[in-house]
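# Build me a model from this:
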Amino acid sequence: MRFSLSAKTLSLIAVPLLMDLVLIGTLFFSLRRADELSVALNSSRTIVEKTDRIRSMVSDVALLTTRKSIGMGYTKSMEKVRQQQMNEIESELGLMVRLAQNSPAVSHYKTAYAASREAIDRFRAVTDRDNSTDIFEAVHLVKELTPIYQNVMQSMDAANELESKTLQAAVESEAEMRSSIRNLITCGFTANVILAVLLALVFQRGIARRLATLMDNAARLPKGERFSAPLGGDDEIGQLDNVLRTAAFELNEARKKERFLIENMPIALARLSEEGTIEMVNPEMEELFYLAEQDFLDLKLSDLLQIKDEREIVPGKPIELPLKDKESGKSVELVVKEFGNTKLAAMIDITERLAMQRLRRQFVAMVSHDLRTPLTSVQASLDMVSEGIFGELSEDGLKQIDRAERSVDRMLLLINDLLDLEKIDGASFNLSRSKIRIKDALDQALEATNMRAKESGVILKCKPQEAICFADKERIVQVLINLIDNAIKFSQPGQVVEVSSEYLKDSLEVRVKDQGRGIPEEMREQIFERFVQVSKEDKKKRHGSGLGLAICKAIITSHGGEIGVDSKLGEGSTFWFRLPLEENV
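Below you'll find the model as predicted:
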């Protein structure tokens, strides 16, 4: 089991720190011991000094006491000095005994103390003698005091000798202690540095080796190469190695799925490198160009398609291009998508679609020239017949002529709607947009539909707002006429069709509201599709082509706007469309 990186880092810090703590503790103990030795040393020196002072004062007092006992040249000042020194001796003796409590020579000091006390008492007793004592008594007194004095000196010397030995031992111990402390500091520092360096080397060697392996695996990941042996362990590097291996597995699975999708897509796909060369293709690509997969490698799209300028290929924008092999007669719709440094080129064979577009254009041309022109002539002839230019017709004849005229009108309406849709769907369709007053467009549309409204008994109302939008006025009038005409168709006599406009946040909304039967909810989206009407009866009764709303939607969408309907069954419908207010919308 491997420790985590945080644990290893902590150990790298903690082990030297622990050693420092041990060293500091040892130094603290040694310094404390040195302080104790220093205190004992100072105490011994003080005791020796006190002892020497007491010996000196005892000697002085003994001399003065001898002179006092003889009485020769002894003055009052000498007596005063003698008394002061005896008092000082008593004070110093007490201090000496207190200091010597922890001394090895304490018994000798107590003996010296007792001898000194006895000597002082005898010396004080001399003060009571008469100064006229004869010489013999003085000599006797000196002989009596001499042993006491000598006893004091011997006791003091014995105590001092033993204390001096103790003092010398303390000095030597203090010197050894200081030398030990210096050695301990030097050795501890050296050992700590060596330990820290060793730990750092071990830590660095293990981490660096594992990180190098991890980086090598990371470099192999995008190439799909096999990883080295797992690093193992529960530390962060081991966990990162596991994550990297999981990512490699998932990436490999994603590549398999990508390969599966590319190979099974019903369109031709090619994966491009950063330089634009083909790295992989699917079977549809092989079938489209009649090439094997290995033949595509290192080719560019310009080697397969007739691309005049590489800048024409904009990612995400479809572009129609013929194959470079002109004999195939094929064309494709190319879309390039970017995914980081990789591009995916999708191609759809549009050869049949282009053929259908050509057929549609031919059909429209045929409708325009071969149908509309004869129908216009038929319409004019029917008008002349109904007006009696070729003679009077019976009532049944007029009815037949009227039915024929309506049929021709429906055919012409359908043809015109088809041509309008063809224009709107065509690449050449352009809007002449400019800033227009919506009221002007509404007035033109109402004027065009007013006669139809009167014939149907429908009332037209207009509530325009003085608004300006950016649009093609003629196309907007066409939309309005279509919507108003539809509203009139589905209104009963006496009902009102209301046209209004209103500013919204960033657009202008125009509404056409009727009071008709309404539109079922499921049909509100479908009615904007081609050839769709609400019911089959509408097609028979109202003679619509089913293309009007589809044309309206195409025009409004071309403006960058939107169109829709709000309706309730039995209450009527409100068709609305929104137009942009500015040119850049």
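
# longest helix anywhere in the protein?
Across the chain, the longest stretch assigned as helix under DSSP state H is helix 135-220.

# After that one, which helix or strand is next?
helix 236-264 (DSSP states H and E).

# quick one: that next one to helix 135-220, angle?
Here the directions of helix 236-264 and helix 135-220 differ by 10 degrees (axes from the mean of the first three to the mean of the last three CA atoms, to 10 degrees).

# How far does helix 236-264 sit from its chain's centre?
A distance of 24 Å separates the centroid of the chain from that of helix 236-264, by CA atoms, centre = their mean, to the nearest Å.

# what's the answer for stretch 183-200, then?
44 Å.

# Now do the buried residues in it.
188, 192, 196, 199 (16 or more other CB atoms under 10 Å). Any C-beta I mention is one placed from the backbone N, CA and C, and that applies to glycine too.

# same check, this time on stretch 159-170
So stretch 159-170, judged by 16+ other CB under 10 Å, has buried residues 159, 160, 162, 163, 166, 167, 170.

# which ones are touching the second one?
Which is residue 160. Contact analysis of residue 160 by CB atoms under 8 Å, 6 or more residues apart in numbering lists 48, 51, 52.

# Out of the residues you listed, give me the one that has the most neighbours.
The residue in those with the most neighbours, by other CB atoms under 10 Å, is residue 51 (26 neighbours).

# can you tell me how far that one sits from residue 90?
Note on residue 51: its distance to residue 90, by CB to CB, to the nearest Å, is 15 Å.

# now residue 254
For residue 254, the distance to residue 90 - CB to CB - is 106 Å.

# One more: residue 354?
137 Å.

# likewise residue 197?
Distance from residue 197 to residue 90, by CB to CB: 67 Å.

# Next, format the buried residues of stretch 159-170 as JSON lines and append pLDDT and distance to residue 39.
Below are the buried residues of stretch 159-170 laid out as JSON lines (pLDDT from 0 to 100; distance: CB to CB, whole Å):
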{"residue": "159", "pLDDT": "72", "distance to residue 39": "20"}
{"residue": "160", "pLDDT": "73", "distance to residue 39": "20"}
{"residue": "162", "pLDDT": "76", "distance to residue 39": "19"}
{"residue": "163", "pLDDT": "72", "distance to residue 39": "15"}
{"residue": "166", "pLDDT": "74", "distance to residue 39": "13"}
{"residue": "167", "pLDDT": "71", "distance to residue 39": "13"}
{"residue": "170", "pLDDT": "71", "distance to residue 39": "10"}
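
# Next, format the residues you listed as TSV and append distance to residue 40.
As requested, the buried residues of stretch 159-170 are exported to TSV (distance: CB to CB, whole Å):
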residue	distance to residue 40
159	16
160	16
162	14
163	11
166	8
167	9
170	5
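
# And those, which two are furthest apart?
Largest separation among the buried residues of stretch 159-170 by CB to CB: 159 and 170, giving 16.0 Å.

# before we move on, the earlier item: identify, from the contacts of residue 160, the entry nearest to residue 267.
Distance to residue 267 across the contacts of residue 160 (CB to CB) is lowest for residue 48, with 113.0 Å.

# Stretch 148-158: how far from the chain's middle?
93 Å.

# Quick check: which ranges of the stretch 201-350 of the chain have low pLDDT?
202-208, 222-224, 232-237, 258, 262, 340-341 (pLDDT under 70).

# ok, residue 66 - how many residues close by?
Around residue 66 there are 18 residues (other CB under 10 Å).

# The stretch 451-585 of the chain: helices as residue ranges?
473-489, 536-541, 548-558 (DSSP state H, counting those that start in this stretch).

# Go through these and name the closest to residue 338.
When the helices of the stretch 451-585 of the chain are compared by CB to CB, helix 548-558 sits nearest residue 338, at 28.0 Å.

# so residue 343, which of the three states?
Using DSSP: H, G, I helix; E, B strand; the rest coil, the structure places residue 343 in strand.

# What residues are recorded as beta-bridge partners of it?
In this entry, residue 343 is beta-bridged to residue 272, residue 338, by DSSP bridges.

# how about it, what does it touch?
271, 272, 273, 276, 315, 336, 337.

# swap the cut-off to 7 Å and go again
Residue 343 sits next to 272, 336, 337 when contact means CB atoms under 7 Å, 6 or more residues apart in numbering.

# pLDDT weak spots in the stretch 51-200 of the chain?
In the stretch 51-200 of the chain (pLDDT under 70), the answer is 71-73, 127-145.

# In JSON lines, list the contacts of residue 343 along with distance to residue 116 and neighbour count.
Formatted as JSON lines, the contacts of residue 343 follow (distance: CB to CB, whole Å; neighbours: other CB atoms under 10 Å):
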{"residue": "272", "distance to residue 116": "116", "neighbour count": "20"}
{"residue": "336", "distance to residue 116": "118", "neighbour count": "20"}
{"residue": "337", "distance to residue 116": "115", "neighbour count": "12"}
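
# which one of the residues you listed is nearest residue 568?
For those, the closest approach to residue 568 (CB to CB) belongs to residue 337, at 44.6 Å.

# For residue 270, see how far away that closest one is.
For residue 337, the distance to residue 270 - CB to CB - is 11 Å.

# And for the helix or strand containing residue 124, what's in contact with it?
Assigning secondary structure by DSSP H and E places residue 124 in helix 106-126. Applying CB under 7 Å, 6+ apart, the contact partners of helix 106-126 are 54, 58, 61, 65, 68-69, 86, 89-90, 93, 96-97, 100, 103, 141, 145, 148-149, 151-152, 155-156, 158-159, 162.

# Pull that helix out as CSV, backbone CA atoms only.
Extracted in CSV, the C-alpha atoms of helix 106-126 (Å, rounded to 0.1, in the frame of the first residue of the first chain):
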residue,chain,number,x,y,z
VAL,A,106,27.6,21.2,54.9
SER,A,107,28.7,19.3,58.0
HIS,A,108,32.1,21.0,58.0
TYR,A,109,30.4,24.4,57.6
LYS,A,110,28.2,23.6,60.6
THR,A,111,31.3,22.7,62.6
ALA,A,112,33.0,25.9,61.5
TYR,A,113,29.8,27.7,62.4
ALA,A,114,29.7,26.3,65.9
ALA,A,115,33.4,27.0,66.5
SER,A,116,33.0,30.5,65.2
ARG,A,117,29.9,31.1,67.4
GLU,A,118,31.9,29.8,70.4
ALA,A,119,34.8,32.1,69.5
ILE,A,120,32.6,35.1,69.1
ASP,A,121,30.9,34.4,72.4
ARG,A,122,34.4,34.1,74.1
PHE,A,123,35.5,37.3,72.4
ARG,A,124,32.4,39.1,73.5
ALA,A,125,33.0,37.9,77.1
VAL,A,126,36.4,39.6,77.1
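
# Distance from the chain centre to it, please.
The chain centroid and the centroid of helix 106-126 are separated by 92 Å under CA atoms, centre = their mean.

# next one: stretch 519-528
Averaging C-alpha positions (CA atoms, centre = their mean) puts stretch 519-528 47 Å from its chain's average.

# now stretch 508-515
Centroid separation for stretch 508-515 versus its chain: 49 Å, with CA atoms, centre = their mean.

# So what's the model's average confidence on that stretch?
Averaging pLDDT along stretch 508-515 gives 91.

# do the same with stretch 490-497
The average of the pLDDT scores along stretch 490-497 is 90.

# buried sites along it?
Under the neighbour-count criterion of 16+ other CB under 10 Å, stretch 490-497 has 490, 491, 495, 497 buried.

# For the second one, give me the backbone phi and psi.
The one in question is residue 491. phi -110, psi 150 (degrees, to the nearest 10).

# and it, what is it in contact with?
Residue 491 neighbours (CB under 7 Å, 6+ apart): 456, 458, 497, 514, 515, 516.

# 6 Å instead, please
458, 497, 514, 516 (CB atoms under 6 Å, 6 or more residues apart in numbering).

# closest to residue 306 out of the helices of the stretch 451-585 of the chain?
Among these, helix 548-558 comes nearest to residue 306, with 29.9 Å by CB to CB.

# from the chain's centre, how far out does that closest one sit?
Taking mean C-alpha positions (CA atoms, centre = their mean), helix 548-558 and its chain are 46 Å apart.
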